[in-house]
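A.B. asks: A predicted structure for the sequence below; I have some questions about it.
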Amino acid sequence: MLERELLDAALAALANIYRAEGVTFQRPEAEATGEALLRGGLVPAQQPQCSDDAAIRALLLASPHPAAQALLAAQHLIPWDTNPVGDVVPEELKVYTVSTLMGPEGPIYAPNLRCGLYYQRPGSYYPLHDHDADETYVILAGDTLWTAGDDRREREIGEMIHHPSHMPHAFGTQGGVLAMWRWSGDVNLESYRFLPDPALASA
């Protein structure tokens, strides 16, 4: 299969999830994200291999999620290590790698939307934080103990977690987790901030 077809199949798999979110929860911004992914704009070029490549591939290979195999086939075309808020995250909290697929800065241009993929390493915790944007995560592979406001529990593959603007959220994982994410509303990067976290205080 040509690289363009591999990449388009992966983007279509993600777009279908966002479109389903839009219909199920009546979120037009989710449908708009899906439509923008389908319009394309991401160049099907070999990307630099990120340091977590083997771990990401292993999670995708083991995942029953319908999008997992399409993403695995296109893994070499996904622009990892492109975190829009990487500059504000202290080095000791960089327990992840991020792929940005869409946003005001590209690579798929969308002035009022952002989306991408998130991988977090085994045995790690990313503490409470918030931002102006509304956000939805969907678990694609692995395991996670997820905090969204007062709701803290293990999440299943395929589960969708929505964070309204400024809802505190945090993620822990034992074996590693891969998720997709999207922002809508006010998608500025300047509002991204860490919050006091009782889980860190008791560690």
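C.D. replies: On my side now, so go ahead.
A.B. asks: what comes up buried for the longest helix along the chain?
C.D. replies: Determined from DSSP state H, the single longest helix within the chain is helix 3-25. For helix 3-25, burial by neighbour count (16 or more other CB atoms under 10 Å) applies to 6-19, 21-22. To be clear about C-beta, it is placed using only N, CA and C from the backbone, and glycine gets the same treatment.
A.B. asks: Gly149: which of those is nearest?
C.D. replies: Set against Gly149, the nearest of the buried residues of helix 3-25 by CB to CB is Glu21 (18.7 Å).
A.B. asks: In contact with the closest one, which residues?
C.D. replies: Arg27, Ala30, Glu31, Thr136, Val138, Met160 (CB atoms under 8 Å, 6 or more residues apart in numbering).
A.B. asks: now swap in His166 and tell me
C.D. replies: Counting by CB under 8 Å, 6+ apart, His166 makes contact with Asp130, His131, Asp132.
A.B. asks: one more time with 7 Å
C.D. replies: By CB atoms under 7 Å, 6 or more residues apart in numbering, the contact list for His166 reads Asp130.
A.B. asks: How much space separates it from Ala30?
C.D. replies: Counting by CB to CB, to the nearest Å, the gap from His166 to Ala30 is 19 Å.
A.B. asks: and what of Val43?
C.D. replies: For Val43 relative to Ala30 (CB to CB), the value is 25 Å.
A.B. asks: who has more neighbours, those two?
C.D. replies: Between Val43 and Ala30, Ala30 has the larger neighbour count (other CB atoms under 10 Å), namely 26 against 12.
A.B. asks: Wasn't the more buried one part of a helix?
C.D. replies: Yes - according to DSSP: H, G, I helix; E, B strand; the rest coil, Ala30 belongs to a helix.
A.B. asks: unless I'm mixing things up, it is touching Tyr18, no?
C.D. replies: Yes - proximity of Ala30 to Tyr18 meets the contact threshold set by CB atoms under 7 Å, at 4.7 Å.
A.B. asks: Now list whatever residues contact both of the two.
C.D. replies: What both Ala30 and Tyr18 touch, as defined by CB under 7 Å, 6+ apart, is the set Arg182.
A.B. asks: Show me what the helix or strand of the chain with the lowest mean pLDDT is packed against.
C.D. replies: Scoring the helices and strands of the chain by mean pLDDT, DSSP states H and E places helix 198-201 at the bottom, with a mean of 83. Counting contacts by 3 or more CB pairs under 7 Å, 6 or more residues apart in numbering; DSSP states H and E, helix 198-201 is packed against strand 124-130.
A.B. asks: Beyond the strand it packs on, next helix or strand please.
C.D. replies: Following strand 124-130 in sequence order, the next helix or strand is strand 134-142 (DSSP states H and E).
A.B. asks: Name the strands paired with that next one and say parallel or antiparallel.
C.D. replies: Counting by DSSP bridges, the strands paired with strand 134-142 are strand 160-163 (antiparallel), strand 177-184 (antiparallel).
A.B. asks: Check which element follows it along the chain.
C.D. replies: Next element after strand 134-142 (DSSP H and E): strand 144-148.
A.B. asks: low-confidence ranges in this protein?
C.D. replies: For the chain, the stretches flagged by pLDDT under 70 are 1, 202-203.
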